[in-house]
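>>> heads up, no residue letters with this:
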Ligand SMILES: NC(=O)N[C@@H](CC(=O)O)C(=O)O
Ligand SMILES: [Zn+2]
């Protein structure tokens with residue numbers, strides 16, 4: 001049997017302890033453990049977290065293998081400390097049938113770098129007209145629980161209501177990309193001072209907030225679960241706080257980039273900063289950080305959105321929105337939340353593993369680091385710094401605003417069901 005002895009790591013940043021992995025689970029935790037025949041990993045100085053779980057990853061396969069493949073995207077995930085990712089449905093073909101979600105699940109399983117939980121489309125072809133076969137996707141081998149037309153908003157309120165009602169039967173959740181389409185036609189960046197100065201069409205906060213207000217009311221009305229993708233405004237945080245206080249089953253995610261970057265970066269006209277929803281103001285960033293710290297926002301999700309060079313090395317208006325983020329997520333969260341004292345490592349584990357796993361109903365991820373739990377673990381060096389060189393990025397795309405930047409915190413080892421996927425920062 002597979003046996004690994006992780007020596008002296010600090011579980012969630014606490015006191016040093018040894019962890020013995022046997023097979024796919026944690027067999028023992030304690031001081032001075034010995035285990036004949038086990039491979040030893042010196043975890044001295046490292047912090048041990050439950051394997052990170054991403055609720056929002058664009059793996060681009062099938063259809064856009066020039067931007068990313070399941071192999072390259074999940075390897076980036078493992079190097080970023082993730083043991084599970086939810087693969088968004090805006091592929092080509094769209095993941096709107098049991099056949100496509102099973103294909104994505106199987107390809108993830110064969111790649112073996114992390115578990116892949118396919119997200120099913122809410123509507124056929126993401127067209128927003130008819131519901132996709134949600135039940136068949138839930139019942140498939142992929143066991144889909146998260147459904148989203150992400151990239152597009154489910155704009156029709158009746159269709160949204162029906163989707164919320166439908167997924168109750170199998171404890172699913174609708175993950176809404178909250179963007180009122182008419183209010184954001186041609187929108188290029190946050191509507192405000194910067195958009196006015198640059199003369200580009202703005203994306204008002206109200207386009208996000210009006211959909212969130214509508215959808216929390218619908219979810220409350222039908223008694224179903226709604227999840228809000230990539231929350232980006234202070235008003236959205238307030239609405240979600242209000243809905244949670246009323247007992248509505250709403251959860252929400254924020255991206256690392258929305259926790260750190262602001263819309264004034266667009267004055268460079270560099271499309272690397274073009275993303276959907278757009279970067280907002282410093283006041284929004286402060287509200288997002290506070291909302292994540294107090295748990296109003298449940299989770300950090302990367303919205304890893306790879307695009308080929310030609311989609312980014314062009315004029316701002318012609319560029320595709322999106323940034324890659326799997327390999328930088330933990331570092332950016334450390335910068336925005338840990339170094340500012342807003343979250344400790346236990347808090348990071350909660351927002352990047354425990355809660356996202358619960359939202360996605362992944363039973364073997366986001367478990368406490370305890371005897372008997374599945375050995376999905378991420379060991380990080382909290383004092384290390386690294387430079388985001390192109391050579392360390394394994395995604396097929398390079399569209400990150402952090403290229404060339406120095407970031408804190410390095411992912412050192414990642415274990416997936418008891419087997420290392422990353423050792424010493426390298427693919428195992
Ligand atoms: N976030 C983005 O800017 N782009 C995403 C779609 C999405 O998550 O909305 C993509 O698929 O490229
Ligand atoms: Zn989206």
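Here it is on my side, so go on. Source: prediction; values computed, not measured. Ligands and ions are numbered 1, 2, ... in the order given.
>>> Name the residues that touch the helix or strand containing residue 382?
Here residue 382 sits within strand 377-387, counting by DSSP states H and E. If you take Cβ atoms under 8 Å, 6 or more residues apart in numbering as the criterion, strand 377-387 is touched by 6, 9, 13, 19, 21, 41, 43, 45-52, 81-83, 330-331, 334, 338, 345, 369, 392, 404-415. In this view, the C-beta of every residue, glycine as well, is placed from N, C-alpha and C.
>>> Isn't residue 261 up against residue 278?
No: between residue 261 and residue 278 there is no contact under Cβ atoms under 8 Å: 10.1 Å.
>>> Not including adjacent chain positions, what is the nearest residue to whichever residue of the stretch 251-400 of the chain sits closest to ligand 2?
For the stretch 251-400 of the chain, the residue closest to ligand 2 is residue 276, as judged by Cβ to the ion, at 5.9 Å. Nearest in space to residue 276, with sequence neighbours left out and distances taken as Cβ to Cβ, 6 or more residues apart in numbering, is residue 321 at 3.9 Å.
>>> these two touch, right, that neighbour and residue 312?
No: contact criterion Cβ under 8 Å: residue 321 and residue 312 do not qualify, at 9.8 Å.
>>> related to what we said a few turns ago, for the strand holding residue 382, which positions count as buried?
377-381, 384, 386 (16 or more other Cβ atoms under 10 Å).
>>> and the angle for the next helix-or-strand element following it with strand 377-387?
Per DSSP H and E, the first helix or strand lying C-terminal to strand 377-387 is strand 406-416. Relative orientation of strand 406-416 versus strand 377-387 (axes from the mean of the first three to the mean of the last three Cα atoms, to 10 degrees): 160 degrees.
>>> packing partners for strand 406-416?
Secondary-structure packing of strand 406-416 (3 or more Cβ pairs under 8 Å, 6 or more residues apart in numbering; DSSP states H and E): helix 70-79, strand 82-87, helix 329-333, strand 377-387, strand 419-423.
>>> buried ones in that strand?
407-416.
>>> Now find how far off-centre that strand is within its chain.
16 Å (Cα atoms, centre = their mean, to the nearest Å).
>>> List the strands paired with that strand, with their directions.
Applying DSSP bridges, strand 406-416 is found paired with strand 377-387 (antiparallel), strand 419-423 (antiparallel).
>>> returning to that earlier point: separate out the buried members of the contacts of strand 377-387.
Buried residues within these, defined by neighbour count using 16+ other Cβ under 10 Å: 6, 9, 13, 19, 21, 41, 43, 46-52, 81-83, 330-331, 334, 338, 345, 369, 407-415.
>>> Keep only those that also lie close to ligand 2.
The subset of the buried ones among the contacts of strand 377-387 within reach of ligand 2, by Cβ under 5 Å from the ion, is empty.
>>> Mind telling me the two of the buried residues of strand 377-387 farthest from one another?
Maximum pairwise distance among the buried residues of strand 377-387 (Cβ to Cβ): 20.2 Å, between 377 and 386.
>>> for residue 337, helix, strand, or coil?
Secondary structure state of residue 337, per DSSP: H, G, I helix; E, B strand; the rest coil, is helix.
>>> what about it, distance to ligand 1?
From residue 337 across to ligand 1, the span is 21 Å (Cβ to the nearest ligand atom, to the nearest Å).
>>> for residue 240, same thing?
18 Å.
>>> For that residue, what is the enclosing helix or strand?
Assigned by DSSP H and E, residue 240 falls in helix 234-245.
>>> same thing with residue 210?
Assigned by DSSP H and E, residue 210 falls in helix 205-222.
>>> Whether the very next helix or strand once past that helix contacts ligand 2 - can you check?
Proceeding N to C from helix 205-222, the next assigned helix or strand is strand 226-228, under DSSP H and E. No: Strand 226-228 does not reach ligand 2 (Cβ under 5 Å from the ion); its nearest approach is 10.3 Å.
>>> For the stretch 151-300 of the chain, what lies in contact range of ligand 2?
residue 177.
>>> Point me to the residue of the stretch 151-300 of the chain nearest ligand 2.
Counting by Cβ to the ion, the stretch 151-300 of the chain gets nearest ligand 2 through residue 177, at 3.8 Å.
>>> now the spatially closest residue to that residue that is not a sequence neighbour: how far from residue 40?
Using Cβ to Cβ, 6+ apart and skipping residues adjacent in sequence, the residue nearest residue 177 is residue 150, 4.5 Å away. Using Cβ to Cβ, to the nearest Å, residue 150 is found at 42 Å from residue 40.
>>> what's near enough to touch the nearest residue to residue 271 once chain neighbours are set aside?
Leaving aside its chain neighbours, residue 271 sits nearest to residue 319 (3.3 Å; criterion: Cβ to Cβ, 6+ apart). For residue 319, the contact set (Cβ under 8 Å, 6+ apart) comprises 271, 274, 311-312.
>>> Many thanks, we can stop here.
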